[in-house]
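Q: Sequence and computational prediction follow.
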Amino acid sequence: MKFIITAILLFFTFGLFAQNETVKDTVQEIREELDEVVIGKKKKAVERKADRTIFNFSDQAYLNSGSLMEGLKKLPGLIISDVAGMLYQGKQLQVFMDGRPLNIYSDELNAYLEGLPANAIEKVEIITNPGAEFQATSGGAIINIITSKKAKKYLSATYSNGYRYTNYDKSRNRFNNSLTLSAANRLFSWQVQGGQSYTESYRESKFVSPDEILSENYSDRTNRFYYLQTGLKFDFGKDRLLINYDINTNNNSTDVDAIGAGFVASDASKSESFYHDVMLTYQKRFEDPFKKLNFRFNFNDNDSNFNLDSKINDTTVLDNDSDQNFYLFTTDYSQQIDFLDNTKISAGGLADHLDFNATSFDIENLDYTRTTLAAYTEVQTMYKKFEVILGGRLESYDIKGNTDTDDLIPFNQTRFFPNATVQYKLTSQIFFKANYNKKINLPNTASLNPNNTRYQNPNLGFFGDPNLEPTIFDNYEIQFNAFEYFFIGYSVTEASNQIINRVISTENGAASISENLPEVTIRNFNFGIPLPYMLFTKGLKKTLEFDFNPDEINFMYIYAGSQKHVIPGINTKSIWSVNLMSQLILPKKVKFVANYNTSNTGGNFYYYRSERPLNQHLDLTFSRKFLSDNLSVSIYANDVFNTNRQQFTIVDTDFTYTSSYDSRRIGISLSYKIPTKNKLAKEEANMLNDTMKQEDNKIGN
């Protein structure tokens, strides 16, 4: 009862000062290039819109210290694990980088997120209700990682680095460097962001049955990651041409010692990837600033190689390669019309093509092609206190290919995917929202690949399935949202042919495979509430008299979420995850943030039942800005008590899987914005990313 009363008091407390702060901070400025009025606000740590939640990385030291993977694991509601993959509020996430699909998965994706330094990230958008403008193949949700900073006319530069180490059984080092440069002249603007990271890590994992140890592995890993992102912008009157080219490469080596029933192994693995992406965007603008026409062409290529050599027998155990080429063309048109209070219509089309080839010891055992054609239309309108989005997307798929033994089962279908969002504005800062959308998830190439691209031994293997079928989702969600800080929501996803990874028994031991689960229902409940400490020291009356920014006070943020996978014939239980984040402003403007994550035990991720809290860790960060806020310094300790462990029992088997790694990390992070001497320097739009409808979204706070 006390908690409920406190929550109600907090609700009205934040309501009063959030409205004051909105009026105080909001200003209007004229954007020269578009001749349209935009709203400028002080950045907030978290922004909630009708279709997405936006986490500000660039100004949050506890998120941007260390690797991007470490920062993502601190976000409330986001779960990343070996068995669950990447989930947000129960929804599997498709990963975008700067507004376009990244198209890398599984271990390659983990290595990428571990390699990219978090202080190179501006913000992370999690789009929980993608509308018709987004590809239906997004499944249920999208995470869009935006790496670019704001460009500045005339030369500007930002340099960032970081160092951290672990001390598990011995000291291991990690460091990163990145540099962002931007400038403009009369003909064009340009922006370059590049960097590297070096990571040493250690992991122990074990597969056991009641009678024997199937596999017990000890892995020492070194990861070298390099990346470069470039952008050019040419202005032709009101029109723009954007040219982006990104490139990154991973070079990972691992020494693995393993024992198990009937074997002893000492192996060395090496995985390499080379990824590059080019995008051309032409933005046609009109006298009417609310009318827009965009054309975009995107191509990316991902070459990867995985080798496993036995140091005992001096033989090659695995030699697996893959090559993926992806082509995408989209066009989008939008304009506002005089209908009801405020109405915007959007329409567009898409064509993409993917080629994927996999080889083992130079023998091609998968040749896979996929072509998608799509068209959509969407209407956003406002009527009194109601805001509505209605849309539909028609997509046609042509999937075919062959293995080295047979043709794949072809998939040729045309489907319609509707979406609808209705939001009721109780006040200017209090909303109630309901959403429905139908989506599809096509099998990713990591799940299709028949070759093992992870460590294996005589008792343990990992395999994909080239004949996986797409998953169809029906997503339903309701949410109450107040002042962007307090929210409570419930969602249900009905999935047919859900693509999952599971462990099965084999003649030799165990194997991790990809398969279609005929049907599953995913239920998710989540809420978040802020708790300002001023409420307890000064009381409610005094708290209401203050005029302040919630992001610059001492407070605790409480998040709790539950997800349950309902599988016919299996007794499953919910997994509850809890995130507590406390911020204290110390003397000398030192900011202290403590972040704690944990979960219950006994809950299910499909066929995995957790036997210990998932992603349990306490992270501490001290940060301060110097030199007119141009220099940001943070000192941090992640997983202070070294509690981030995983242990699962496998449904329908007698196996138990445990995993631990050197998750306690101590480090320092620096970011220095080199100030320009030209007083006329001026911020302009990013050149390294596409904001994916963020500014155009009319429904939101």
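A: Received the coordinates, thanks. This structure is a prediction, so every number in the text was calculated from the model and none was measured.
Q: pLDDT below threshold where in the stretch 601-701 of the chain?
A: Where the stretch 601-701 of the chain drops to pLDDT under 70, the residues are 676-701.
Q: same thing but at 50, please
A: Applying pLDDT under 50 to the stretch 601-701 of the chain picks out residues 679-681, 694-701.
Q: And the strands in it?
A: Assigned strands in the stretch 601-701 of the chain, in chain order: 604-605, 608-610, 617-626, 631-638, 645-650, 656-661, 665-674, 683-684 (criterion: DSSP state E, counting those that start in this stretch).
Q: can I get those strands in JSON lines with mean neighbour count and distance to Glu484?
A: C-betas here are computed from N, CA, C, even on glycine. Output for those, formatted as JSON lines (neighbours: other CB atoms under 10 Å; distance: least, CB to CB, whole Å):
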{"stretch": "strand 604-605", "mean neighbour count": "22", "distance to Glu484": "30"}
{"stretch": "strand 608-610", "mean neighbour count": "23", "distance to Glu484": "31"}
{"stretch": "strand 617-626", "mean neighbour count": "19", "distance to Glu484": "22"}
{"stretch": "strand 631-638", "mean neighbour count": "20", "distance to Glu484": "24"}
{"stretch": "strand 645-650", "mean neighbour count": "20", "distance to Glu484": "33"}
{"stretch": "strand 656-661", "mean neighbour count": "18", "distance to Glu484": "35"}
{"stretch": "strand 665-674", "mean neighbour count": "19", "distance to Glu484": "26"}
{"stretch": "strand 683-684", "mean neighbour count": "14", "distance to Glu484": "23"}
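Q: just so I know, which of the ones you listed lies nearest Gln336?
A: In terms of CB to CB, the element of the strands of the stretch 601-701 of the chain nearest to Gln336 is strand 683-684, at 23.9 Å.
Q: Leu535 in helix, strand or coil?
A: Under DSSP: H, G, I helix; E, B strand; the rest coil, Leu535 falls in the helix class.
Q: Relative to Tyr62, which of the strands of the stretch 601-701 of the chain is closest?
A: Once the strands of the stretch 601-701 of the chain are compared by CB to CB, strand 617-626 is nearest, at 4.0 Å.
Q: what's the closest one packed up against?
A: helix 61-64, strand 590-599, strand 631-638 (3 or more CB pairs under 8 Å, 6 or more residues apart in numbering; DSSP states H and E).
Q: so what strands line up beside that strand?
A: When pairing is defined by DSSP bridges, strand 617-626 lines up against strand 590-599 (antiparallel), strand 631-638 (antiparallel).
Q: Tell me how far the shortest one lies from the chain's centre.
A: How far strand 631-638 lies from its chain's middle: 22 Å, per CA atoms, centre = their mean, to the nearest Å.
Q: Check stretch 374-381 too.
A: Mean C-alpha position of stretch 374-381 versus that of the full chain (CA atoms, centre = their mean) differs by 25 Å.
Q: where along the protein do the helices fall?
A: When secondary structure is read from DSSP state H, the chain shows helices at 2-25, 61-64, 68-72, 106-115, 445-448, 534-537, 539-545.
Q: what's the least confident stretch among these?
A: Across the helices of the chain, helix 2-25 has the smallest mean pLDDT, namely a mean of 39.
Q: Can you report how many residues neighbour Gln388?
A: Quick fix: residue 388 reads Val, not Gln. Neighbour count of Val388, defined by other CB atoms under 10 Å: 17.
Q: Same question for Gln413.
A: Close neighbours of Gln413, defined as other CB under 10 Å, add up to 12.
Q: Across the sheet, point out what pairs with it.
A: Residues in beta-bridge contact with Gln413 (DSSP bridges): Tyr397.
Q: right, and it touches Tyr397 too?
A: Yes. Using CB atoms under 8 Å, Gln413 makes contact with Tyr397 at a distance of 5.5 Å.
Q: just to revisit the earlier point, now tabulate the strands paired with strand 617-626 in CSV and tack on distance to Ala434.
A: Shown next, in CSV, are the strands paired with strand 617-626 (distance: least, CB to CB, whole Å):
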stretch, distance to Ala434
strand 590-599, 28
strand 631-638, 38
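Q: what sits against the residue nearest the centre of the chain?
A: Nearest to the geometric centre of the chain sits Ile143, at 3.7 Å (CA atoms, centre = their mean). The contact partners of Ile143, by CB atoms under 8 Å, 6 or more residues apart in numbering, come to Met86, Tyr88, Leu93, Gln94, Val95, Phe96, Val124, Glu125, Ile126, Ile127.
Q: My guess is Lys564 contacts Arg523. True?
A: Yes. Taking CB under 8 Å as the definition, Lys564 is a contact partner of Arg523 at 4.8 Å.
Q: Between the two, which contacts overlap?
A: Counting by CB under 8 Å, 6+ apart, the contacts common to Lys564 and Arg523 are Ser574.
Q: Of these two, which one has the most company?
A: Lys564 (18 against 15).
Q: Neighbours of the nearest residue to that one once chain neighbours are set aside, how many?
A: Leaving aside its chain neighbours, Lys564 sits nearest to Ser574 (4.1 Å; criterion: CB to CB, 6 or more residues apart in numbering). Neighbour count for Ser574, taken as other CB under 10 Å: 17.
Q: what do you get for Lys344?
A: Neighbour number of Lys344 under other CB under 10 Å is 20.
Q: who's in contact with it?
A: Residues counted as contacts of Lys344 (CB under 8 Å, 6+ apart) are Phe290, Ser334, Gln335, Gln336, Ile337, Val379, Gln380, Thr381, Asp696, Lys698.
Q: Next one: it from Arg240, what distance?
A: As for Lys344, its distance to Arg240 is 21 Å (criterion: CB to CB, to the nearest Å).
Q: And Asp314, by the same measure?
A: According to CB to CB, Asp314 stands 58 Å off from Arg240.
Q: Tell me which of those two has more neighbours.
A: Arg240 (20 against 7).
Q: Identify the bridge partners of the more buried one.
A: Beta-bridge partners, per DSSP bridges, of Arg240: Asp235, Gln283.
Q: What residues does it make contact with?
A: The contact partners of Arg240, taken as CB under 8 Å, 6+ apart, are Glu33, Lys233, Phe234, Thr281, Tyr282, Gln283, Arg285.
Q: Where does the prediction get shaky in the stretch 1-150 of the chain?
A: The model of the stretch 1-150 of the chain has pLDDT under 50 over residues 1-41.
Q: how about the strands in it?
A: Assigned by DSSP E, counting those that start in this stretch, the strands in the stretch 1-150 of the chain fall at 27-31, 36-40, 46-48, 52-56, 78-81, 85-88, 91-97, 100-101, 123-127, 141-146.
Q: The third one pairs with which strands, and in what direction?
A: Using DSSP bridges, the strands paired with strand 46-48 in its sheet are strand 52-56 (antiparallel).
Q: CA atoms of the strand it pairs with as PDB?
A: Taking C-alpha atoms only, strand 52-56 is exported to PDB below (Å, rounded to 0.1, in the frame of the first residue of the first chain):
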ATOM      1  CA  ARG A  52       9.600   3.700 -29.700                       C
ATOM      2  CA  THR A  53      11.800   4.300 -26.700                       C
ATOM      3  CA  ILE A  54      15.000   6.400 -27.200                       C
ATOM      4  CA  PHE A  55      18.000   6.000 -24.900                       C
ATOM      5  CA  ASN A  56      20.600   8.800 -25.000                       C
END
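Q: now it, how far from the centre of its chain.
A: 11 Å.
Q: the inter-axis angle of it versus strand 123-127?
A: Going by axes from the mean of the first three to the mean of the last three CA atoms, to 10 degrees, strand 52-56 is angled at 170 degrees with respect to strand 123-127.
Q: Give me the contacts around strand 52-56.
A: For strand 52-56, the external contacting residues (CB under 8 Å, 6+ apart) are 43-48, 63, 75, 122-129, 694, 697.
Q: Which of those residues are buried? Put it as a ChimeraX command.
A: To isolate in ChimeraX the members of the contacts of strand 52-56 that are buried, counting by 16 or more other CB atoms under 10 Å, one can use:
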select :44,45,46,47,48,63,75,122,123,124,125,126,127,128,129,694,697
